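> any chance you can model this:
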Amino acid sequence: MTSQTNRKQLTFLPKFFWLFIKAIYILLMEKPDFIITTGALIAYPFCVIGKLMSTKIIYVESFARVQTPSLTGKLLYSFTDLFIVQWEDMLKLYPKAMLGGGIF
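Residues are numbered from 1 along each chain as shown. Coordinates of the predicted model:
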């Protein structure tokens, strides 16, 4: 069983490192063609490892992000194969993104 991790906790770095280890194992076992994510802590290790394995990365910025980017969006923007925003205003922050409209 895993517990939720907060970036402000002292145990964040060891848990984050452990997520990378788990991501490597899962991606080697599953060998996906695509990773589609809306972000959060677990998305980053999977996307980084997936990209190193030549997996296509599709990121959908959260519907809740209307005017400000998420941390995960900022981290993943530069190396995704497709970056989708759900609000037109977000194209100013992510000029190479595709406007997808409301995706649920």
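> which helices and strands sit right next to the lowest-mean-pLDDT helix or strand in the chain?
Ranked by mean pLDDT, DSSP states H and E, the weakest helix or strand in the chain is helix 12-30, scoring a mean of 90. Helix 12-30 sits against helix 43-52, with contacts defined as 3 or more CB pairs under 8 Å, 6 or more residues apart in numbering; DSSP states H and E. Yep, even glycine has a C-beta here, placed from its N, CA and C like the rest.
> parallel or antiparallel, list what pairs with the helix or strand following the least confident helix or strand of the chain.
Once the chain leaves helix 12-30, the next helix or strand it forms, by DSSP states H and E, is strand 34-37. Applying DSSP bridges to the sheet, strand 34-37 is found paired with strand 56-60 (parallel).
> what's downstream of the partner strand, the next helix or strand?
Per DSSP H and E, strand 56-60 leads on to helix 71-76 as the next helix or strand towards the C-terminus.
> who touches that following helix?
Outside helix 71-76, the residues that touch it by CB atoms under 8 Å, 6 or more residues apart in numbering are 39-41, 43-44, 47, 57, 59, 61-62, 65, 83, 94.
> what do you get if the cut-off is 7 Å, keeping everything else the same?
39-40, 43-44, 47, 57, 59, 61, 65 (CB atoms under 7 Å, 6 or more residues apart in numbering).
> re the thing from before, buried ones in the least confident helix or strand of the chain, by neighbour count?
Burial within helix 12-30, assessed by neighbour count using 16 or more other CB atoms under 10 Å, is assigned to 19, 23-24, 27.
> off-centre distance for it?
14 Å (CA atoms, centre = their mean, to the nearest Å).
> what angle sits between that helix and helix 43-52?
Orientation of helix 12-30 against helix 43-52 (axes from the mean of the first three to the mean of the last three CA atoms, to 10 degrees) gives an angle of 40 degrees.
> verify the contact between residue 81 and residue 55 for me.
No - judged on CB atoms under 7 Å, residue 81 makes no contact with residue 55 at a distance of 9.0 Å.
> so between these two, which is more surrounded?
With neighbours defined as other CB atoms under 10 Å, residue 81 and residue 55 compare such that residue 55 has more, 18 against 12.
> where does the prediction get shaky in the chain?
For the chain, the stretches flagged by pLDDT under 70 are 1-9, 104.
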